[in-house]
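Trainee: Here is the input, now give the coordinates:
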Amino acid sequence: MKYRLIENSINDINHFVKTVLTNRGINNIEEFMKSNKEDLEQNSFSDLNNIDKGVDVLFKHIEANDMISLVVDPDVDGICSSAALYNYLENMIVEEGLPKINWDIVTHSGKGHGLSDDIKINSDTKLIITPDGGSNDFKRHKEWKDKGVDILVIDHHIVDKESEDAIVINNQTSNNYKNKSFSGVGIVYRFLQAIDDKLFSFNADNYLDLVALGNISDIMDTSDYETRYFIQQGILQENLKNPFLRILVKKTGVDVGSDLERYIYPIDVSFKIAPLVNALLRLGTVEEKEKLFTCFISLEEELSTRKGICKETINTMQNYKESQDEEKQKLLEDISNIITEEDLRCPVLVLDVTELVSNPEIIGLTAMNLASKYKRPVILGSQKDKDKANITGSVRLNNGFPDQEFKETCLNSGLFGFAQGHNAAFGFAYNKENKQKLQEYFRKIYGDTVLDNEHIVDFIIPSVDKICGSDFFLIQTYKNLWGKSVEEPIFAIEGIPFYPMSLDKLGKKEDTVKYTYSRIEFMFFRCSSEDLILKMANGLEYDPTKQYAINVVGKLGISTFAGKTKNQMIVDDYEIVEVKSDVEDFIF
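Mentor: Numbers count the residues shown, from 1 in each chain. So this is what the prediction gives:
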């Protein structure tokens with residue numbers, strides 16, 4: 001195991017916040033910590049291109065009682081975007097005495113986005129709204145426009161140009177809107193503010209919880225003051241207003257350990273709620289996705305009469321997540337067996353897993369795990385149709401990769417059929433004959449270097465007695481800060497006395513190992529049968545006459561279970577070393 005301090009880290013746990021935020025490139029720490037609504041004046045809903053046109057076309061069709069098709073994008077940000085818009089408008093028509101909206105709720109049968117082929121839109125529709133998608137569906141915009149149907153796109157995805165056949169509200173194409181790291185539901189929120197302005201009302205803030213959930217789940221840059229502000233507002237207890245989201249917070253245990261008098265932790269939302277919702281949206285049937293959306297748009301009194309749907313939906317999410325985790329783990333193990341030295345000599349991991357993958361929906365998640373493990377971008381794909389030559393799949397960048405325009409770098413190669421999405425996470429297609437050419441291209445761009453699997457840490461603690469309970473409390477206090485670009489701090493703790501007989505196996509599969517020392521629980525999750533720590537927990541691979549120490553890299557915090565709190569480290573990596581005793585052997 002290799003690890004080193006982030007360059008120029010002061011490595012001072014007594015100045016915890018200063019150390020971490022400086023390591024994240026935040027120079028004005030006081031300004032960052034005190035950012036508030038006044039700091040958002042640089043952005044206004046009026047800075048978004050076409051927003052007035054969007055409000056006008058919406059009201060035109062509501063007042064005419066036309067059918068309006070709402071296309072629900074199949075990810076957490078997408079469902080938050082559509083739910084916020086739907087709930088706001090349903091509340092608005094009651095308050096304003098407007099006609100009941102003639103909705104056509106459209107759900108993707110697959111993983112498509114925007115106006116892709118896996119949706120069915122009612123032929124009687126007069127307005128199609130695509131929250132969190134659809135900016136680059138130029139051909140379909142024209143097809144629907146030619147039929148006399150208006151298209152309203154409320155989106156945040158990068159696109160080369162603005163459609164001539166749709167009303168596109170997108171922060172990426174709006175030069176006056178400075179924040180380019182605001183998710184789809186964030187732009188929907190700005191659209192709701194524009195409606196508020198028209199009606200002299202103040203209802204947009206009722207959906208700040210969905211704004212936070214969408215931005216957290218879409219991994220938006222929390223070093224941007226606007227994005228950070230809305231996440232911090234949305235996680236406040238007083239702003240958790242969506243009834244189904246409150247149920248998810250309770251069911252997933254996000255409320256456990258959080259200071260619910262103030263807020264829930266964004267990092268817990270990203271690890272406990274977002275994966276559940278995404279699992280159903282990736283793997284579920286159209287009917288299951290429709291039930292999920294129904295839960296997000298139900299009032300509290302409606303949910304009480306829909307307990308069956310609510311419970312069924314949560315169970316379905318949990319089942320899909322478990323199945324997804326099992327498939328992903330197997331795929332990761334299979335991929336590890338086929339990666340060659342030639343693959344690892346390339347600074348970008350380009351893999352065709354056609355023969356290994358049975359469910360293409362888990363490729364994105366698997367790519368993310370591989371990027372983290374091998375500390376480099378991963379281009380992971382397969383042939384959906386073995387009679388065709390294209391490899392399609394997902395790209396994921398590892399944290400800290402210097403080329404933040406990687407998607408553009410891929411397109412500049414001329415070897416990709418397409419590359420669409422965010423810069424750090426996007427879909428692609430390339431001809432299967434081009435794999436070697438891609439590897440040569442990336443070597444030319446980035447150099448033919450072997451990247452060490454080295455952990456970059458914020459703190460190196462030379463001895464476990466150098467950290468105490470008050471340090472854990474301080475670390476937990478600031479847990480609400482962490483997110484994309486302001487990542488949770490990583491610690492290395494060295495020379496922890498290690499007694500294998502004190503290891504405990506936990507979980508239904510007994511693949512979690514706990515080691516307790518100095519009132520700290522060191523947790524090793526998802527251990528494989530080849531993991532040394534699990535072998536030792538099974539009484540193997542160690543000599544009871546010898547002494548050992550363990551060096552660990554991971555994240556620190558406080559866990560809560562059954563009302564009891566424990567100082568805890570989630571271990572990302574470790575090494576166990578033999579140590580020589582300072583005490584001479586005595587013979588009696």
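Trainee: now the worst-scoring helix or strand of the chain on mean pLDDT: how far from the chain's centre is it?
Mentor: Lowest mean confidence among the helices and strands of the chain (mean pLDDT, DSSP states H and E): helix 300-305, at a mean of 79. Chain-centre distance of helix 300-305: 29 Å, with C-alpha atoms, centre = their mean, to the nearest Å.
Trainee: Which secondary structure elements does it sit against?
Mentor: helix 243-251 (3 or more C-beta pairs under 8 Å, 6 or more residues apart in numbering; DSSP states H and E). Bear in mind the C-beta positions are built from the backbone N, C-alpha and C, glycine included.
Trainee: List of residues touching the helix it packs on?
Mentor: By C-beta atoms under 8 Å, 6 or more residues apart in numbering, the residues outside helix 243-251 that reach it are 209-210, 213, 240, 254-255, 264, 273, 276-277, 295-296, 298-300, 303, 310, 314.
Trainee: Pull the contacting residues for the closest residue in space to Gly483 that isn't next to it in sequence.
Mentor: Once flanking residues are discounted, Gly483 sits nearest to Thr222: 3.4 Å by C-beta to C-beta, 6 or more residues apart in numbering. Thr222 makes contact with 228, 231, 266, 481-486 under the criterion C-beta under 8 Å, 6+ apart.
Trainee: Any chance of a ChimeraX selection covering the buried ones in the contacts of helix 243-251?
Mentor: Selection of buried members from the contacts of helix 243-251 for ChimeraX, criterion 16 or more other C-beta atoms under 10 Å:
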select :209,210,213,240,254,255,264,273,276,277,295,296,298,303,310,314
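Trainee: Buried ones in stretch 143-154, by neighbour count?
Mentor: Buried residues in stretch 143-154 (16+ other C-beta under 10 Å): 144, 149-154.
Trainee: what do you get for stretch 427-440?
Mentor: Of all the residues in stretch 427-440, those buried under the rule 16+ other C-beta under 10 Å are 427-430, 434-435, 438-439.
Trainee: just stretch 538-552 next, same as before
Mentor: Using 16+ other C-beta under 10 Å as the test for burial, stretch 538-552 gives 542, 548, 550-552.
Trainee: got the end-to-end distance for that stretch?
Mentor: 20 Å (C-alpha to C-alpha, to the nearest Å).
Trainee: Other residues contacting that stretch?
Mentor: 1, 492-501, 505, 515, 522, 532, 535-536, 569, 571, 573-581.
Trainee: What mean pLDDT does it get?
Mentor: Per-region confidence: stretch 538-552 scores 92 on mean pLDDT.
Trainee: for stretch 329-345, same thing?
Mentor: 90.
Trainee: Please identify the buried residues of that stretch?
Mentor: Buried residues in stretch 329-345, counted by 16+ other C-beta under 10 Å: 329, 331-332, 335, 343.
Trainee: again with stretch 14-33
Mentor: Under the neighbour-count criterion of 16+ other C-beta under 10 Å, stretch 14-33 has 16-17, 19-24, 26, 32 buried.
Trainee: Let's have the residues you listed in a markdown table, adding pLDDT, secondary structure and distance to Ile51.
Mentor: Shown next, in a markdown table, are those (pLDDT from 0 to 100; DSSP: H, G, I helix; E, B strand; the rest coil; distance: C-beta to C-beta, whole Å):
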| residue | pLDDT | secondary structure | distance to Ile51 |
| --- | --- | --- | --- |
| Phe16 | 95 | helix | 41 |
| Val17 | 93 | helix | 37 |
| Thr19 | 95 | helix | 41 |
| Val20 | 96 | helix | 37 |
| Leu21 | 95 | helix | 34 |
| Thr22 | 95 | helix | 38 |
| Asn23 | 95 | helix | 38 |
| Arg24 | 93 | coil | 32 |
| Ile26 | 91 | coil | 31 |
| Phe32 | 85 | helix | 29 |
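Trainee: give the contact list for the nearest residue to Tyr548 once chain neighbours are set aside.
Mentor: Among residues not flanking Tyr548 along the chain, Phe498 sits closest, at 4.3 Å (C-beta to C-beta, 6+ apart). By C-beta under 8 Å, 6+ apart, the residues touching Phe498 are 515, 517, 548-550, 576.
Trainee: what's the angle from the helix or strand encompassing Asp334 to helix 243-251?
Mentor: Using DSSP states H and E, Asp334 falls within helix 307-338. Orientation check (axes from the mean of the first three to the mean of the last three C-alpha atoms, to 10 degrees): helix 307-338 against helix 243-251 gives 60 degrees.
Trainee: Point out the other elements, helices or strands, that helix 307-338 touches.
Mentor: On a contact count with 3+ C-beta pairs under 8 Å, 6+ apart, helix 307-338 meets helix 243-251, helix 274-283, helix 286-296, helix 363-374.
Trainee: Recalculate using a threshold of 10 Å.
Mentor: Contact analysis of helix 307-338 by 3 or more C-beta pairs under 10 Å, 6 or more residues apart in numbering; DSSP states H and E lists helix 243-251, helix 274-283, helix 286-296, helix 300-305, strand 349-352, helix 363-374, strand 378-382 as its packing neighbours.
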